[in-house]
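**Q** Model the following, please.
(chains A and B)
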Amino acid sequence: MSTGTEVVGLDALSEADQQLVDPAASRDLLRLATAGSVDDGKSTLVGRLLYDTKSVLADQLDAVERVSRERGLQHPDLALLTDGLRAEREQGITIDVAYRYFSTPQRSYILADTPGHVQYTRNMVTGASTAELALILVDARHGVLEQTRRHLAVTGLLGLRHVALVVNKMDLLDFDRSVFTAIVEEFTAMAGHVGVSAVTAVPISALLGDNVVTRSAHTPWYTGPTLLEHLETVDVTTDPRDEAFRMPVQYVIRPQTPEHRDYRGYAGRVTSGVISVGDTVRIQPEGSTTTVVGIDRVGRPGEPTERRQAHAPQSVVLRLADELDVARGDLISAADRPATEVKDLDATVAVLASRPLKPRAMVLVRIGTATVKGLVTDLVDTLDMTTLERGPAPSELPLNAIGGIRLRLARPVAVDDYSAARRTGSFLLIDPSDGATLAAGLVQLTGDLVDADSWLI
Amino acid sequence: MTTTDQPTTGALRTELAEHRLDHLDDLEAESIHIFREVAGEFERPVLLFSGGKDSVVMLHLAVKAFAPAPVPFALLHVDTGHNFEEVLRYRDETVERLGLRLVVASVQDYIDDGRLSERPDGTRNPLQTVPLLDAITEGRFDAVFGGGRRDEEKARAKERVFSLRDAFGAWDPRRQRPELWELYNGRHAPGEHVRVFPLSNWTELDVWRYIAREQIELPSLYYAHTREVFRRDGMWLTAGEWGGPRPGEVVETRTVRYRTVGDMSCTGAVESEARTVEAVILEVAGSRLTERGATRADDRLSEAAMEDRKKEGYF
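**A** Just a heads-up that it's a prediction; the model follows:
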């Protein structure tokens, strides 16, 4: 067996190569989601990012060049890199999200590529749910469209604070500065309206590569970063010390081996905040409090298994001072800033299934690691994706609709407002008959809008 | 240019960076979360373990997920009968060391009793599906961990972490559920099962960098060594009982390594001098061929080859 411990003269390597092979070299991971309207060149842009970061390898590229030639194209059609599956073409469907991977020496990227044409709300909600940054495309010739407004609405709703506005096809307008400026002004005003605070706009040509990875000679008036420069430097860090500690219990670890006869640990992923040995925690919804006596996490070779502290989004095991009845589905929270225990829940939902959501529907509510029976007591309102205003209560919420609902749960759960804590403020509605995922939900604890409207029903 | 995004600089950034996970730590935490979700939600999970590098990394993560308790599920290997000796030895040693239970489904048994027949090209990869599905049914496994990654191939780019399969193991794109946040929906009807891919978001390079960082031991054929090989369809194949070389195919000694290890009849070696994990990382980073395109004959059959096999119940 070779363990590969023989070191190849590291000093002889370039800086980038050294960083690749050095286990201590650190790079971070940025998760982003794309959104664009039909024919705005999103596939070409994604293809361009993959191509220019050298994430497309030879055999994939050969196939693209061959097909492009067969179709009589002058440039390789990079959109072919992200082409759909045959099943999608045959069945006339689009699978919601395709995931793409590329990397630079500073960062690795996971890009959720969401099709823009059909079922855009469902697709974008799904892609954006795990993203830290949204990349919204606008065709320079068409400017801000109704679809752009919808993309921004979803971005704001899902709590993404960072948006890169990519104004594409600038080459078709001779890289006209005034066009770009007008689009950016309109977009930025709209972004403020939906709560997106950080917008960076870049004028590009995905087809020709201007300002995607390499700086364009056609935009001397533009002094900002290229798209990739922006992605490499944008700081999406949130400080977990500002957040309340939360960890949904996934699994109870009880080895019952001779070495670990009395070991009992609660395994989970810290969804927000920081936890230290000695902290007081509350078990929710049950309500008892106890102290953290141990934090275990198997680290890299040579690191101790026992830790003093852990933070989001690490996967850890907590040991507690008291023998309590803690199980999967419970939430361990900071005792001084616990989650809110509710049996009736106001929420905004995005419908993901073709069957509409109706009042009196019996559902399963998957929240954190808990699955609880629930009843949709009311449909409260519906979000008009064009005006971004809340409209009157609908009789049902169809696929791709977003609206406010009220749920009654069979037993209490501990939740946070989605805007305060994404992971403990989000849930799925599941059809109990066949297990299908019906809707994605965002908990609204402070939503006075829902409360106010409910008086009208 | 309008921006309110200012890169954070100086001391503040350093302080915050301590709380932002390195990308391998991030991927590791995500995979461990997936393992624990499955252990918490399913009755009888099983992990596909071949001794190939992805399954080795998967098992390494599973060990971390449940420490200090042992991994709470069995391992399953579909042995085509054309597997590399050193890989099988590695497989058995690993199972022994961790004190786990291994179920082996043997393609050879199926050929011997006539339930499957040898293909004219001698390739046994496509023959794995039936023994795999039978083993899942017999073991009453309701969740099956596989080492598939989304960066491998176009059909995989749209694969879910929890991939619902019907009683025939088939994948229907219409029934795949949207996956949001970290909320995986594993509900399934009796007879159905869920394939789970904890390495979904890893790339080939991530896997290798993790192997280096964690000092994970691999079967030796992943590193450069001299071997008797012959050329077929642009790949170096190992001579052996499985059916090579044919008349006209010349056996020669080359310095090669394997990028994937599967059935000997369709897994090719690449010429390489990479004898260490660091050298492999550099080779992979500089590689101009994707892992599957370079070394898997079965994926070259057609553009939609992987998609077809997946629908039939393959991983």
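**Q** buried stuff in the host helix or strand of residue A:409?
**A** For residue A:409, the host element (DSSP states H and E) is strand A:402-415. Buried residues in strand A:402-415, counted by 16 or more other CB atoms under 10 Å in any protein chain shown: A:402-407, A:409, A:412-415. Backbone N, C-alpha and C define where each C-beta goes, glycine included.
**Q** And the residue of the stretch 51-200 of chain B closest to chain A?
**A** residue B:187 (3.0 Å; CB to the nearest CB).
**Q** what's that residue sitting at in phi/psi?
**A** phi -70, psi 140 (degrees, to the nearest 10).
**Q** you'd agree it is up against residue A:430?
**A** Yes. Here residue B:187 reaches residue A:430: they are 6.5 Å apart, a contact under CB atoms under 8 Å.
**Q** Which stretches in chain B count as strands?
**A** Along chain B, counting by DSSP state E, strands occupy B:45-48, B:74-79, B:102-106, B:143-145, B:162-165, B:193-196, B:225-232, B:235-238, B:252-258, B:269-271.
**Q** buried residues in the first one?
**A** Judged by neighbour count using 16+ other CB under 10 Å, the buried positions of strand B:45-48 are B:45-48.
**Q** How much space separates the residue of chain A positioned farthest from its centre from residue B:28?
**A** Taking CA atoms, centre = their mean, the residue of chain A most remote from its mean C-alpha position is residue A:258, at 42.6 Å. For residue A:258, the distance to residue B:28 (CB to CB, to the nearest Å) stands at 29 Å.
**Q** how about residue A:253, what does it touch?
**A** A:263-267, A:317, B:66-69 (CB atoms under 8 Å, 6 or more residues apart in numbering or on different chains).
**Q** which of those tops the neighbour count?
**A** residue A:317 (28 neighbours; other CB atoms under 10 Å in any protein chain shown).
**Q** OK, contacts around it?
**A** Counted by CB under 8 Å, 6+ apart, residue A:317 has contacts A:253, A:265-267, A:295-297, B:67.
**Q** if we can go back for a sec, same list, the contacts of residue A:253, but as JSON lines with distance to residue A:40 and pLDDT please.
**A** Output for those, formatted as JSON lines (distance: CB to CB, whole Å; pLDDT from 0 to 100):
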{"residue": "A:263", "distance to residue A:40": "55", "pLDDT": "94"}
{"residue": "A:264", "distance to residue A:40": "54", "pLDDT": "95"}
{"residue": "A:265", "distance to residue A:40": "50", "pLDDT": "97"}
{"residue": "A:266", "distance to residue A:40": "47", "pLDDT": "98"}
{"residue": "A:267", "distance to residue A:40": "44", "pLDDT": "98"}
{"residue": "A:317", "distance to residue A:40": "47", "pLDDT": "97"}
{"residue": "B:66", "distance to residue A:40": "46", "pLDDT": "97"}
{"residue": "B:67", "distance to residue A:40": "48", "pLDDT": "93"}
{"residue": "B:68", "distance to residue A:40": "53", "pLDDT": "93"}
{"residue": "B:69", "distance to residue A:40": "51", "pLDDT": "95"}
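**Q** Can you show me the helices along chain A?
**A** Secondary structure of chain A, counting by DSSP state H: helices at A:15-21, A:42-52, A:58-70, A:86-91, A:120-128, A:146-157, A:177-193, A:227-233, A:448-454.
**Q** Likewise for the stretch 51-200 of chain B?
**A** For the stretch 51-200 of chain B, the helices defined by DSSP state H, counting those that start in this stretch occupy B:53-66, B:85-98, B:107-112, B:129-138, B:154-157.
**Q** does residue A:310 have beta-bridge partners, and which?
**A** residue A:275 (DSSP bridges).
**Q** Residue A:282 now?
**A** residue A:289, residue A:333.
**Q** for residue B:48, same thing?
**A** Applying DSSP bridges, one finds that residue B:48 bridges with residue B:76.
**Q** what's near enough to touch it?
**A** Applying CB under 8 Å, 6+ apart, the residues near residue B:48 are B:55, B:75-78, B:144-147, B:315.
**Q** Would you list the buried entries among the residues you listed?
**A** By 16+ other CB under 10 Å, the contacts of residue B:48 give B:55, B:75-78, B:144-147, B:315 as buried.
**Q** just curious, which of the residues you listed is nearest to residue A:222?
**A** Of all the buried ones among the contacts of residue B:48, residue A:222 sits closest to residue B:147, with 44.3 Å by CB to CB.
**Q** Surely the closest one and residue B:57 touch.
**A** Yes. Counting by CB under 8 Å, residue B:57 is a contact partner of residue B:147 at 7.3 Å.
**Q** Need the overlap of contacts for those two.
**A** residue B:199.
**Q** Just confirm residue A:251 contacts residue B:34, I think it does.
**A** No. Contact criterion CB under 8 Å: residue A:251 and residue B:34 do not qualify, at 11.7 Å.
**Q** quick one: which of these two has more around it?
**A** residue B:34 (27 against 24).
**Q** how many neighbours does the closest residue to residue B:22 other than its chain neighbours have?
**A** Spatially, and ignoring its direct neighbours in sequence, residue B:22 is nearest to residue A:26 (4.5 Å; CB to CB, 6 or more residues apart in numbering or on different chains). Per other CB under 10 Å, the neighbour tally for residue A:26 reads 15.
**Q** next one: the one 3 residues further on
**A** Burial of residue A:29 is recorded as 21 neighbouring residues (other CB under 10 Å).
**Q** which residues touch the closest residue to it other than its chain neighbours?
**A** Of all residues not flanking residue A:29 in the chain, residue B:23 sits nearest, at 3.8 Å (CB to CB, 6+ apart). Counting by CB under 8 Å, 6+ apart, residue B:23 touches A:27-29, A:107-108, B:206.
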